[in-house]
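Asks: pasting the sequence and the predicted model now:
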Amino acid sequence: MRRNTRKRSNTARRMVGAAAALAVGAGGLIAANIYASAGETTQGSQNRTEAAATTSTVDCPDVGQKLTSVPAQAKAQVDKELALLDKQVSEAYQRLSTSQRAIQQDPNFAQNAIVGPLKDKRKATIDRIVIAIGRVGAKPQGLDALAACTLRATGDKPAAGQAGNNQGGNNQGGNNQGGNNTNAAQTNGPVAADFVDITKVKPNVSTQRSSAGASKGVFTTKCGVNKNKLHNSDNVIVAPGVTNGAHHVHDYVGNQDNDAFSSDQDFAKARTSCQNQGDKSSYYWPVLRLQDGTKEVDADKLGGGAEGNVGRILTARSSTLTFVGNPRGKVVAMPKFLRIITGDAKAFTNGPGNANASWSCTGFENKVQLKDKYPLCPAGSDVVRTFKYQSCWDGKNIDSANHRTHVAFADANGNCPAGFKAIPQLVHRMVYDVDAPSVKDNGKTRPFFALDGFPEQGHKPITDHDDFINVFDAKLATKVAECINTGRKCT
């Protein structure tokens, strides 16, 4: 394990150095006139006032989701270029969040100084992706059209007195950089409108019927709740070899050697937090934070406070990992090192197509599941996050270029797409002991909670996601499938 220690130490030094180099305030969704033009009329002035009453973010097409095929020889470079695109958007968003004064003084500033240069950077990066793929295969077409970004109104209204992410006078984890960030307009989320009283939501959960041939067993693996605080802002699935590839912090359970530089061989040799030592799988998800003014250990680092992820990291009270069957038939064992991402960390700007967030409260899970709101739970009830993973596999690949097309969800009747095989479905449920925030005073009495995310996504609940790398040994993989197919309950 000495290799891991050195690896993480070097990674930490790079993160601290990068954070020092990026001497800007944490991203704040900016209340600014991004729509004004030269020579605007009185009507234009009114529009500016209306625009200033809402917040804005950087909205860029997701290039990675358009790449359905990348030759193996080009994968390493393409992954690094895709990670660079994310970094460019993050930096542009931070520039936006600290430029309110300049934007107010010059209506063309945002376009000329932020959006235009971002397009140029993205075009150069996309060109390198096309060239890398073209060297060993057919060049992808139409990617140039994805270079341009827009500034999009979020619909959120900034709360009065919420400047600099300074809720109730608390500097949330350095997100106001010691008060030096005089241009920051407000917190980059969440806002009161992101929460809903779950007792006022109509029931929306339906049950699925199973056929006679269904595989009804359940296998449970117990891997803890990350009490040892294994955290980083890498993502070895999406951005292998890139430090801070996620731009937000993950909790990890299971495999204890998961960062951007971990290989399949590293996973196979590593320790695991799972009680069953045959399960060295990696389970990881964005942390949930309480925005109570706590200065976390990553308050000034990229992935943490330097990118708008602020407050105290909450450890789940419980984390349950179960594998269930298919309502129409038997399942096959999952291949070793299969990678699955469920949900979309960019769903706020990408749209809900790949979103798979499910928020609820204990006592309400069988009635209400929320996709785009955080729940306000009544007294005695806790916040619940649940993920039901894709349960169909193409039978060949452990990953795909966009990390999605090698797996799929079954349809409403439990049927897999043509050519796909049913596999055990991972269901991950987490419970958090966190009080409902006081939305009427914008979290001043009881602070907001929010998941970590890419800076430009505004900590929206719809961006929740979960990641899984299967590292079951052969014996356990067979046991899981047999348990499920024979209708037993196993651990």
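Replies: Nice, I can see it. Numbers count the residues shown, from 1 in each chain.
Asks: tally of neighbours for residue 206?
Replies: Residues lying near residue 206 (other Cβ atoms under 10 Å) number 7. (Each C-beta comes from the backbone N, C-alpha and C, glycine too.)
Asks: host element of it?
Replies: According to DSSP states H and E, residue 206 maps onto no helix or strand at all.
Asks: grab the longest helix from the protein for me.
Replies: In the chain, taking DSSP state H as the definition, the longest helix is helix 72-97.
Asks: what's that helix packed up against?
Replies: strand 56-59, helix 63-66, helix 116-136 (3 or more Cβ pairs under 8 Å, 6 or more residues apart in numbering; DSSP states H and E).
Asks: can you do 10 Å?
Replies: strand 56-59, helix 63-66, helix 116-136, strand 150-153 (3 or more Cβ pairs under 10 Å, 6 or more residues apart in numbering; DSSP states H and E).
Asks: list the buried ones in the helix or strand that it is followed by?
Replies: The element immediately downstream of helix 72-97 (helix or strand, assigned by DSSP H and E) is helix 100-105. For helix 100-105, burial by neighbour count (16 or more other Cβ atoms under 10 Å) applies to 100, 103.
Asks: one more: stretch 302-319?
Replies: Residues of stretch 302-319 classed as buried: 302-316, 319 (neighbour count, 16+ other Cβ under 10 Å).
Asks: do stretch 316-329 as well
Replies: Neighbour-count burial for stretch 316-329 flags 316, 319, 320, 321, 322, 323, 324, 325, 326, 327, 328, 329 (criterion: 16+ other Cβ under 10 Å).
Asks: show only the entries of the residues you listed found in strands.
Replies: Those of these mapping onto strands are 319, 320, 321, 322, 323, 324, per DSSP state E.
Asks: and those residues as JSON lines, adding pLDDT?
Replies: Listed next are these as JSON lines, based on pLDDT from 0 to 100:
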{"residue": "319", "pLDDT": "98"}
{"residue": "320", "pLDDT": "98"}
{"residue": "321", "pLDDT": "98"}
{"residue": "322", "pLDDT": "98"}
{"residue": "323", "pLDDT": "98"}
{"residue": "324", "pLDDT": "98"}
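Asks: residue 480: which of those is nearest?
Replies: residue 323 (5.7 Å; Cβ to Cβ).
Asks: domains for the chain, by residue range?
Replies: For the chain, the structural domains run 30-155, 192-490, going by automatic domain parsing.
Asks: which one of those domains is the most hemmed in?
Replies: Burial of those is given as mean neighbour count (mean count of other Cβ atoms under 10 Å); domain 192-490 ranks first at a mean of 20.
Asks: need the distance between the two termini of that one.
Replies: 42 Å (Cα to Cα, to the nearest Å).
Asks: that domain: how far from the chain's middle?
Replies: 10 Å (Cα atoms, centre = their mean, to the nearest Å).
Asks: oh, and call the first residue 45 from now on, that's how I've got it
Replies: Let's use 45 as the start, then, which means that last one is domain 236-534.
Asks: so where's this protein uncertain?
Replies: Within the chain, the set of residues satisfying pLDDT under 70 comprises 45-98, 201-231.
Asks: the helices in it, which residues?
Replies: Counting by DSSP H, the helices of the chain are 46-65, 86-96, 107-110, 116-141, 144-149, 153, 160-180, 308-313, 391-394, 518-529.
Asks: of all the ones you listed, which one is nearest residue 442?
Replies: Closest among those, using Cβ to Cβ: helix 308-313, at 9.0 Å.
Asks: export that closest one to CSV, keeping only CA atoms.
Replies: Output in CSV follows, covering the C-alpha atoms of helix 308-313 (Å, rounded to 0.1, in the frame of the first residue of the first chain):
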residue,chain,number,x,y,z
ASP,A,308,-7.9,-2.7,-12.6
GLN,A,309,-4.8,-4.3,-11.2
ASP,A,310,-4.8,-1.8,-8.3
PHE,A,311,-8.4,-2.5,-7.6
ALA,A,312,-7.7,-6.3,-7.6
LYS,A,313,-4.9,-6.0,-5.0
